[in-house]
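Q: here is the input, now give the coordinates:
(one chain, ligands or ions: 1)
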Amino acid sequence: MTIWPVVPAAGIGSRMQADRPKQYLPLGQSTLMDCTLDVLLSYPAVEKLVLVLAEQDPWWPSSRYFGDDRILVATGGAERCDSVLNGLAALHGLAGESDWVLVHDVARPCLRHADLDRLLNGLAWPGAILASPTRDTMKRGEVNSRGEVVIAHTVDRDQLWHALTPQVFSLGLLREALQRALATGKKVTDEASAVEMLGLQPLLIAGRADNIKVTRPEDLALAELFLQGD
Ligand code: C5P
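A: Here you go, the predicted model:
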């Protein structure tokens, strides 16, 4: 089975407050982006992948993978789902409509092959995502008349999961889902939400909780620690 990873990496990562997009920050002896590409490109079912970069990206030539012919570069869009759609377009002529596309955030460098095995084993329509069960007690917040955020109520966490990536769908289904979701104007923060809008129910596959998305400065140290545990 051939898997086509699409790696959205066109965000600016403003919450990192860094001098460069977060994917180019150092991580161990490498960078966040190169660590993520290491995991995907060393997975046996992956031959090539699509990397979606910002239109103006002066950092990309500094990557170890710059010029690697296993990487097809696509240009990102305004939102994550625009970027993913552009990534899918780069597969035109290479991948078939029923081929599996695996979307993985560039900002999740701690993905393990064992998690990929679990996700891809027995993969079936309409697709699946890695997720981790919520461990914390969850509160819904609301703003009161003084502008303070207060607890509206406690949400039952028993059926709540954190949606992680990778998320895997067939090329044809994912393209249709993202195009339709974009047309509705609703906010789509992952691929599964677009597929859900079609009335479909992707599988939740329990993945490791250390597959974190590096978002804030303190996450980098955590990711480094998790990678040292290998
Ligand atoms: O901003 P956030 O961390 O949620 O972004 C998730 C992923 O989507 C990141 O890998 C980021 O680079 C990517 N992204 C993108 N195009 C955008 C916005 C985000 O490729 N317009």
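Q: next one: Val6 from the ligand, what distance?
A: The gap separating Val6 from the ligand is 10 Å, by Cβ to the nearest ligand atom, to the nearest Å. C-beta here means a position set from N, CA and C on the backbone, and glycine is covered the same way.
Q: apart from its neighbours in sequence, what residue is nearest that residue?
A: What sits nearest to Val6 in space, not counting adjacent residues and going by Cβ to Cβ, 6 or more residues apart in numbering, is Gly87, at 3.8 Å.
Q: counting contacts, what elements does the host helix or strand of the one you found pack onto?
A: Using DSSP states H and E, the element containing Gly87 is helix 80-89. Using 3 or more Cβ pairs under 8 Å, 6 or more residues apart in numbering; DSSP states H and E as the contact criterion, the secondary-structure elements in contact with helix 80-89 are strand 3-9, strand 49-53, strand 71-75, strand 100-103, helix 171-184, helix 191-196.
Q: what about the residue nearest to Val6, neighbour count?
A: If you count neighbours by other Cβ atoms under 10 Å, Gly87 ends up with 29.
Q: same question for Leu204.
A: The criterion is other Cβ under 10 Å. On that basis, Leu204 has 17 neighbouring residues.
Q: next one, pLDDT for it please.
A: Per-residue confidence at Leu204 stands at 98 (pLDDT).
Q: so how far is Gln167 from it?
A: 11 Å (Cβ to Cβ, to the nearest Å).
Q: what sits in contact with each of these two?
A: With Cβ atoms under 8 Å, 6 or more residues apart in numbering applied, the overlap between the contact sets of Leu204 and Gln167 consists of Ala128, Ile129.
Q: most centrally placed residue in this structure?
A: Asp105 (2.8 Å; Cα atoms, centre = their mean).
Q: give me the below-cutoff pLDDT ranges for the protein.
A: Applying pLDDT under 70 to the chain flags residues 230.
Q: can you pull the residues of the protein lying near the ligand?
A: Residues of the chain that fall close to the ligand, judged by Cβ under 6 Å from any ligand atom: 8-11, 52, 76-80, 83, 105-107, 213, 215.
Q: give me the buried subset of the residues you listed.
A: 8-11, 52, 76-77, 79-80, 83, 105-107, 213 (16 or more other Cβ atoms under 10 Å).
Q: and the contacts of stretch 96-106?
A: Stretch 96-106 is touched from outside by 1-9, 23, 32-33, 36, 40, 51, 84, 87-88, 91, 95, 111, 119-120, 123, 127, 165-172, 174, 191, 213, with contacts defined as Cβ under 8 Å, 6+ apart.
Q: just the buried ones from those?
A: Here, 16+ other Cβ under 10 Å leaves 3-9, 23, 32-33, 36, 40, 51, 84, 87-88, 91, 95, 111, 119-120, 123, 127, 165-171, 174, 191, 213 buried among the contacts of stretch 96-106.
Q: re earlier: got a list of contacts for the helix holding Gly87?
A: By Cβ under 8 Å, 6+ apart, the list of residues contacting helix 80-89 from outside reads 6-8, 10-11, 50, 52, 74-77, 101, 103, 171, 174-175, 178-179, 181-182, 188-189, 191, 194.
Q: now do that helix against strand 3-9, angle only.
A: For helix 80-89 against strand 3-9, the angle by axes from the mean of the first three to the mean of the last three Cα atoms, to 10 degrees is 140 degrees.
Q: quick one: Leu222 and Ile12, what's the gap?
A: With distances defined as Cβ to Cβ, the gap from Leu222 to Ile12 amounts to 21 Å.
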